[in-house]
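# based on what follows, work out the 3D shape:
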Amino acid sequence: QESCFSGHTTVDVLGRGEVFMKDLRVGDRVEVSKNNYQQVYTFGHRDTKAKVEFFRFLPSDLEVSKHHLVFIKGKGAIPASMVKVGDEFSLGGKVDAITTVLGNGIFAPFTPSGTIVVNGVLASNYISLQNSDRLMLGTFRTPFTFQWLDHSFQTVHRFWCCWMGFEDRTLKNGLSEWSDTPYRLSSWLIRQPPTLILLVLLPLLVLLSLLNVAEFCLHNPLIGSVVLVSICYHSLNYFVQDSKTKFSR
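Residues are numbered from 1 along each chain as shown. Take a look at the predicted model:
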């Protein structure tokens, strides 16, 4: 399932102005929220020849595939297929009409924040693997949004590209090397019984939460230093108290 923007949508690039999605490059600094710009560190999907059906939202003319997440006031990040006439984008105004168009090319730029402003509309970098904004286990609606899950799964990828400076590699199917395997595994897992999903997901959620904390500390070194000192202090204090207890015995 292709989940991207069409090549005819536009983004605001710092120093270049309004640029068609098909002309966007890795390294460009794009608007990711109002007047806030970040660097595109890779494309999760980039295929200039693919023919895909897009939802077109009017009057913004945003063209996006049905599984891609967009931000709606009062609803958060939801798949484009769930947007209704009368909904209001978190940034970009109300939806007056929705049509479908067949477009050439699919593009999914990734930014550190996991968001991007396209045609003036605040959208996600990511997709929903179900027709839902949150992970569903059978009929149970979990508290985990696909925006959070997808962004968390990309933590190592972001670190690799943004902090280590390594470049991603695009495969023949247009997916990035880092996105292809996780996408296939996630697509397989989501079709399994809820019990199996839960068994696989629980340890992953713990790991992802720790990675999120680590990434936050990297972006906020002062807070990170305080957290590190606090952990060291409490660990040392626990070791000392434990040693005293054993010695007194």
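# pull the distance from stretch 8-19 to the chain's centre.
20 Å (CA atoms, centre = their mean, to the nearest Å).
# quick one: name whatever helix or strand follows the longest strand seen in the chain.
Counting residues, the longest strand found in the chain (DSSP state E) is strand 42-58. Using DSSP states H and E, the helix or strand that follows strand 42-58 in sequence is strand 62-64.
# what packs against the following helix or strand past that next one?
As assigned by DSSP H and E, the chain's next helix or strand after strand 62-64 is strand 68-72. With contacts defined as 3 or more CB pairs under 8 Å, 6 or more residues apart in numbering; DSSP states H and E, strand 68-72 has these neighbours: strand 76-79, strand 121-127, helix 146-153. All C-beta spots, glycine's among them, are computed from the backbone N, C-alpha and C.
# can you put the ones you listed in TSV and add mean neighbour count, mean pLDDT and distance to residue 104?
Supplementary listing: these in TSV, determined by neighbours: other CB atoms under 10 Å; pLDDT from 0 to 100; distance: least, CB to CB, whole Å:
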stretch	mean neighbour count	mean pLDDT	distance to residue 104
strand 76-79	22	96	22
strand 121-127	24	96	20
helix 146-153	21	91	26
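# buried ones in stretch 65-79?
By neighbour count with 16 or more other CB atoms under 10 Å, stretch 65-79 contains the buried residues 65-72, 76-79.
# so how far is it from its chain's centroid?
How far stretch 65-79 lies from its chain's middle: 12 Å, per CA atoms, centre = their mean.
# quote the end-to-end distance of that stretch.
End-to-end distance for stretch 65-79, by CA to CA, to the nearest Å: 9 Å.
# contact partners of that stretch?
Residues outside stretch 65-79 that contact it (CB atoms under 8 Å, 6 or more residues apart in numbering) are 1-5, 52-55, 62, 64, 80-83, 87-91, 106, 108, 115, 121-124, 126-129, 131-133, 145-147, 150.
# how about stretch 22-37?
For stretch 22-37, the external contacting residues (CB under 8 Å, 6+ apart) are 7-8, 11-16, 19, 38-43, 48, 91, 105, 107, 109, 111, 113, 115-117, 122, 167-168.
# next one: stretch 135-150
69, 76-77, 114, 124-130, 132-134, 194, 197-198, 201, 205, 208.
# ok, 6 Å please
69, 77, 124, 126, 128, 130, 133-134, 194, 197 (CB atoms under 6 Å, 6 or more residues apart in numbering).
# likewise stretch 191-198?
In contact with stretch 191-198 (CB under 6 Å, 6+ apart) are residues 137-138, 189.
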